[in-house]
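Asker: just coords:
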């Protein structure tokens, strides 16, 4: 019996004496109520967003219906363990909170249980599984919340298998289900952090391997500064990628291990998380200009490539106007290489409500520009200079009307093709109209101010 209870039952003390502290408590609560700070009101404000549901009770069982002892049932900071028969009771959990149930040797269970579903005791079935768990931390003790886990295992029959699993662990703790019972090798990598080998184990059926705490460091770092080859301005958007050379690079590809960085507004780029080894460093400028070099890195080494010059190119911008001078919105501007026999454009843009468009990262030179809204309305050659100027595309057109006959007989499935004098590539000929009328007649519009040659074709 506690000292408090012994004092109440001691000699010389009246059984009605505790009314004095009760009276003082009532007066105190009355004062709080008068000041608008009642305990009930404070509680209502705290739980207005997601009020707790009634106590959630249930039992955690295996596939045979046997209760699982020691299963952890948790939500946020609240957690309980199931008793020897698998029963549990969890209180103070809102209906939208995720509830987590974990038991050694079983696949984890995750779900939000609405308040309306807690009236009856729950029966939670956990499936047996082989699991791998651990904690990922940086050297300063902060958790690594996102990582990639690479598994290699040898089944009893068959070749070595591999799998990459994404880890999303806000507190750095991860627990993943393994594909099967087998001999495993595992490694983990994260953005900006060096890949770490977790080890090798023989995982028996319905067992769980704990890798403990894994400290991940930034590893070797490669930095560079990219500038425009002509102007010296920062070459924003240049991509630098570091890949392990030789067989080590092939293994890194299987692990989906990518080390890449993009130049910021100042042209600076940094690639971290590199393990010791020989690397192929490749960079690609906004125009596709490429560079390559080999580099051997030691553990946690920092290498600065210095200033690298690349071509950032020019741009094509302007307005598209209709026949009456009004802007044409939502028109598609497509760029082609006049010397290539390819139908697909290599760049395109859409006009805004004012008819304006802009296409960047272009090498100075001559381009075939086509305007579609939605059919072909304009096709012309445009030269892009190092110092670009705004262009204005006016959509003017004429109407073409006629009939297709052969020996006086109408051709009902002939095709009319219009060829611009500035577009000689037959792979980009535009089908303007098809005769499908019984009398072989057709009418169409040609939006061209340049000379146009028309051809009629038939099967």
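Answerer: Cool, got the structure. The shown structure was predicted, so the numbers you read here are calculated from the model rather than taken from an experiment.

Asker: State the paired neighbours of the helix or strand that residue 150 is a member of in the sheet, together with their directions.
Answerer: In this assignment (DSSP states H and E), residue 150 forms part of strand 146-154. When sheet partners are counted by DSSP bridges, strand 146-154 sits next to strand 161-168 (antiparallel), strand 183-190 (antiparallel).

Asker: Tell me where the stretch 201-350 of the chain has strands.
Answerer: Listed in chain order, the strands found in the stretch 201-350 of the chain under DSSP state E, counting those that start in this stretch are 208-216, 220-228, 239-244, 259-262, 268-274, 277-284, 290-297, 302-310, 314-321, 332-336, 347-350.

Asker: and the angle from the third one to strand 220-228?
Answerer: The reference is to strand 239-244. Calculated by axes from the mean of the first three to the mean of the last three C-alpha atoms, to 10 degrees, strand 239-244 forms an angle of 150 degrees with strand 220-228.

Asker: which other helices and strands contact strand 239-244?
Answerer: strand 220-228, helix 247-254, strand 259-262, strand 268-274, strand 277-284 (3 or more C-beta pairs under 8 Å, 6 or more residues apart in numbering; DSSP states H and E). Yep, even glycine has a C-beta here, placed from its N, CA and C like the rest.

Asker: ranking those by mean pLDDT, which is last?
Answerer: Averaged per stretch, pLDDT over the helices and strands packed on strand 239-244 is lowest on helix 247-254, reaching a mean of 70.

Asker: What confidence value was assigned to residue 318?
Answerer: The score at residue 318 is 93. That number is its pLDDT.

Asker: circling back to that earlier point, to residue 95, which of the strands of the stretch 201-350 of the chain lies closest?
Answerer: Smallest distance to residue 95 across the strands of the stretch 201-350 of the chain (C-beta to C-beta): 30.7 Å, for strand 208-216.

Asker: between the closest one and strand 146-154, how many degrees?
Answerer: For the pair strand 208-216 and strand 146-154, the angle between their directions (the same axes, to 10 degrees) equals 130 degrees.

Asker: Excluding its own residues, what touches strand 208-216? List them.
Answerer: Contact with strand 208-216 is made by 104-105, 130-139, 144, 147, 184, 186, 188, 190, 193-194, 196, 198-199, 201, 203, as judged by C-beta atoms under 8 Å, 6 or more residues apart in numbering.

Asker: got JSON lines for the strands paired with strand 146-154, with distance to residue 122 too?
Answerer: Conversion of these to JSON lines gives the following (distance: least, C-beta to C-beta, whole Å):
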{"stretch": "strand 161-168", "distance to residue 122": "26"}
{"stretch": "strand 183-190", "distance to residue 122": "33"}
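
Asker: For residue 315, give me its contacts.
Answerer: Taking C-beta under 8 Å, 6+ apart as the definition of contact, the neighbours of residue 315 are 358, 359, 360, 361, 362, 384, 388.

Asker: Look at the last one and give its secondary structure.
Answerer: In this case it means residue 388. Applying DSSP: H, G, I helix; E, B strand; the rest coil to residue 388 yields a three-state assignment of coil.

Asker: Could you check how far it is from residue 67?
Answerer: Residue 388 sits 75 Å away from residue 67, going by C-beta to C-beta, to the nearest Å.

Asker: Also the second one?
Answerer: Residue 359 sits 67 Å away from residue 67, going by C-beta to C-beta.

Asker: Between the two, point out the one with more neighbours.
Answerer: The residue with more neighbours, out of residue 359 and residue 67 and counting by other C-beta atoms under 10 Å, is residue 359; that gives 19 against 16.

Asker: Identify the bridge partners of the more buried one.
Answerer: On DSSP bridges, the residues paired with residue 359 through beta bridges are residue 316.

Asker: can you tell me which residues contact it?
Answerer: Residues counted as contacts of residue 359 (C-beta under 8 Å, 6+ apart) are 315, 316, 317, 333, 335, 347, 348, 349.

Asker: Can you tell me the closest non-neighbouring residue to the fifth one?
Answerer: I take that to be residue 335. Computed as C-beta to C-beta, 6 or more residues apart in numbering, the closest residue to residue 335 that is not its neighbour in sequence is residue 347, at 4.5 Å.

Asker: so who does that neighbour touch?
Answerer: Residues in contact with residue 347 (C-beta under 8 Å, 6+ apart) are 334, 335, 359, 362.

Asker: quick check, nearest of these to residue 98?
Answerer: Using C-beta to C-beta, residue 359 is the member of these that lies nearest residue 98, at 46.1 Å.

Asker: re earlier: out of the contacts of residue 315, which one has the weakest pLDDT?
Answerer: Lowest pLDDT among these: residue 361, with 76.

Asker: re the thing from before, the strands paired with strand 146-154: which one's closest to residue 409?
Answerer: Counting by C-beta to C-beta, residue 409 lies closest to strand 161-168 out of those; the figure is 65.8 Å.

Asker: Direction included, what does the helix or strand just after the closest one pair up with?
Answerer: Moving toward the C-terminus from strand 161-168, the next helix or strand (DSSP H and E) is strand 173-177. Sheet pairing of strand 173-177 (DSSP bridges) gives strand 131-138 (antiparallel).

Asker: By neighbour count, which bits of the partner strand are buried? Give me those.
Answerer: If you call a residue buried by 16 or more other C-beta atoms under 10 Å, then strand 131-138 has these buried ones: 131, 132, 133, 134, 135, 136, 138.

Asker: Turn the residues you listed into JSON lines, columns for distance to residue 395 and pLDDT.
Answerer: Converted to JSON lines, those look like this (distance: C-beta to C-beta, whole Å; pLDDT from 0 to 100):
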{"residue": "131", "distance to residue 395": "65", "pLDDT": "89"}
{"residue": "132", "distance to residue 395": "63", "pLDDT": "91"}
{"residue": "133", "distance to residue 395": "65", "pLDDT": "90"}
{"residue": "134", "distance to residue 395": "64", "pLDDT": "93"}
{"residue": "135", "distance to residue 395": "64", "pLDDT": "94"}
{"residue": "136", "distance to residue 395": "59", "pLDDT": "95"}
{"residue": "138", "distance to residue 395": "58", "pLDDT": "91"}
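
Asker: nearest to residue 75, of these?
Answerer: Comparing those against residue 75 with C-beta to C-beta places residue 133 closest, at 19.3 Å.

Asker: Quick check: the nearest residue to the closest one once chain neighbours are set aside vs residue 305, distance?
Answerer: The spatially closest residue to residue 133, leaving aside those adjacent along the chain, is residue 175, at 4.2 Å (C-beta to C-beta, 6+ apart). The span separating residue 175 from residue 305 equals 41 Å under the rule C-beta to C-beta.

Asker: residues in contact with residue 93?
Answerer: When contacts are counted by C-beta under 8 Å, 6+ apart, residue 93 touches 52, 53, 56, 75, 76, 78, 99, 113.

Asker: for it, phi and psi?
Answerer: Note on residue 93: backbone dihedrals following degrees, to the nearest 10 are phi -110, psi 130.

Asker: Against residue 83, how distant is it?
Answerer: 19 Å.

Asker: Much appreciated, bye for now.
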